[in-house]
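Peer 1: below are the sequence and a predicted model for it; my questions follow.
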Amino acid sequence: MALTVTDLTVTIGDRAVVDTVTFAVPDGGRFGIIGESGSGKTLTALAVTGLLPASASVTGSVDLDGRELLGASERELARIRGDAIGMVFQEPRTALNPLRRVGRQMSEPLRLHYRLSRGQARQAAVDLAARVGLPEPDRIVDRYPHELSGGQRQRVGIAIAVACNPGLLIADEPTTALDVTVQAAILDLFDRLVAEQSSSLVFITHNLAVLARVCTDVVVMAGGRVIESGPTTRVVNAPEHPVTRGLVAAARATGLAPGGAGTGTVVGR
Ligand SMILES: Nc1ncnc2c1ncn2[C@@H]1O[C@H](COP(=O)(O)OP(=O)(O)OP(=O)(O)O)[C@@H](O)[C@H]1O
């Protein structure tokens, strides 16, 4: 699905925390939003999905395949979130309900959209678990979140997001809470799922090496605004804005971006 965000402005109190942000993700595109903490990345994603806090007001346009999402009814947005847009968040532990078996949580979007019997829902959960590379799918669905590793919990979060084969996947710092080798495996999973489903991807991170691994195009945000945008390889190899240069230098200093972007080797596998 194609996503076109135009002049998106989110105001909280008297402050524009997202300020005239404009970008376009073509159908099947892999698009990154990068920026330091507090630059407005998460609020941009929440505005796109209609999940802004009640204290926020929003103007501009969010167009998903010709449908305007800003101002859509809560009912319509809830349907779009389960169906057209899948979302993955940073901390898989808090995104999951600790008291429910992971299989039930994975099959929930499907149960909401289709009438599934208990047996069908369980089978759907097992199939999803296999699709996201969880070990022993037919056993793991009966576990509780605390019985899984952080990487496995994030796979469950991703399974929930892709259950209905959304045309757009939005991931907000999905690997930040994970250690580096697990990060790489989760990024591989994103790669595979996005290719398999031909969905578009909006990937939010403060980590340029992670971004370069999955995204072909990027906007850089600072202070609520887009300060630079372009193909990831160009932005990484010839950053124009001082903030972008800082992000590139930080990635190089930690040894995360030795070869620049697009090489597929920026994050150790
Ligand atoms: N509910 C809220 N009420 C008031 N201010 C908020 C709220 N949520 C976010 N902000 C402010 O809006 C700005 C942008 O926040 P946002 O969460 O979008 O940044 P971010 O780039 O995603 O940062 P991080 O990488 O730390 O998640 C920040 O200055 C933040 O303090």
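Peer 2: Nice, thanks for sending it over. Numbers count the residues shown, from 1 in each chain.
Peer 1: who are the contact partners of the closest residue to the ligand within the stretch 51-200 of the chain?
Peer 2: Using C-beta to the nearest ligand atom, the single residue of the stretch 51-200 of the chain nearest to the ligand is Pro53, 4.1 Å away. Yep, even glycine has a C-beta here, placed from its N, CA and C like the rest. The neighbours of Pro53, taking C-beta atoms under 8 Å, 6 or more residues apart in numbering as the test, are 12, 46.
Peer 1: just the helices from the chain, written as ranges.
Peer 2: 41-49, 74-83, 92-95, 102-113, 118-131, 137-140, 150-162, 180-197, 208-214, 232-237, 242-253 (DSSP state H).
Peer 1: and those, which is most packed in?
Peer 2: helix 208-214 (a mean of 28; mean count of other C-beta atoms under 10 Å).
Peer 1: mind giving me the packing neighbours of it?
Peer 2: In terms of contacts (3 or more C-beta pairs under 8 Å, 6 or more residues apart in numbering; DSSP states H and E), helix 208-214 is packed against strand 30-35, helix 180-197, strand 200-205, helix 232-237, helix 242-253.
Peer 1: including mean pLDDT, could those go into JSON lines?
Peer 2: Shown next, in JSON lines, are these (pLDDT from 0 to 100):
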{"stretch": "strand 30-35", "mean pLDDT": "96"}
{"stretch": "helix 180-197", "mean pLDDT": "89"}
{"stretch": "strand 200-205", "mean pLDDT": "95"}
{"stretch": "helix 232-237", "mean pLDDT": "94"}
{"stretch": "helix 242-253", "mean pLDDT": "89"}
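Peer 1: dump those into a markdown table; add distance to Asp217 as well.
Peer 2: Below are the helices and strands packed on helix 208-214 laid out as a markdown table (distance: least, C-beta to C-beta, whole Å):
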| stretch | distance to Asp217 |
| --- | --- |
| strand 30-35 | 5 |
| helix 180-197 | 14 |
| strand 200-205 | 11 |
| helix 232-237 | 6 |
| helix 242-253 | 14 |
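Peer 1: and those as TSV, adding distance to the ligand?
Peer 2: Formatted as TSV, the helices and strands packed on helix 208-214 follow (distance: least, C-beta to the nearest ligand atom, whole Å):
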stretch	distance to the ligand
strand 30-35	5
helix 180-197	16
strand 200-205	7
helix 232-237	17
helix 242-253	12
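Peer 1: out of those, nearest to Phe23?
Peer 2: With C-beta to C-beta as the criterion, Phe23 lies closest to strand 30-35 of these, at 7.0 Å.
Peer 1: can you tell me which helices and strands the closest one packs against?
Peer 2: Using 3+ C-beta pairs under 8 Å, 6+ apart: strand 30-35 touches strand 15-25, helix 41-49, strand 200-205, helix 208-214, strand 217-222, helix 242-253.
Peer 1: so can I have a markdown table of the ones you listed showing distance to Thr175?
Peer 2: Output for the helices and strands packed on strand 30-35, formatted as a markdown table (distance: least, C-beta to C-beta, whole Å):
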| stretch | distance to Thr175 |
| --- | --- |
| strand 15-25 | 20 |
| helix 41-49 | 14 |
| strand 200-205 | 8 |
| helix 208-214 | 6 |
| strand 217-222 | 16 |
| helix 242-253 | 14 |
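Peer 1: got the residues of the stretch 1-150 of the chain near the ligand?
Peer 2: By C-beta under 6 Å from any ligand atom, the residues of the stretch 1-150 of the chain that approach the ligand are 12, 17, 35, 37-43, 53, 55.
Peer 1: of all the helices of the chain, which one is nearest Gly224?
Peer 2: It is, among the helices of the chain and with distance given as C-beta to C-beta, helix 41-49, at 8.1 Å.
Peer 1: got the contact list for that closest one?
Peer 2: Taking C-beta under 8 Å, 6+ apart as the rule, helix 41-49 contacts 3, 5, 8, 10, 17-18, 21, 33-35, 52-53, 56, 58, 62, 69-70, 77, 81, 85, 87, 170, 172, 202, 204, 206, 221.
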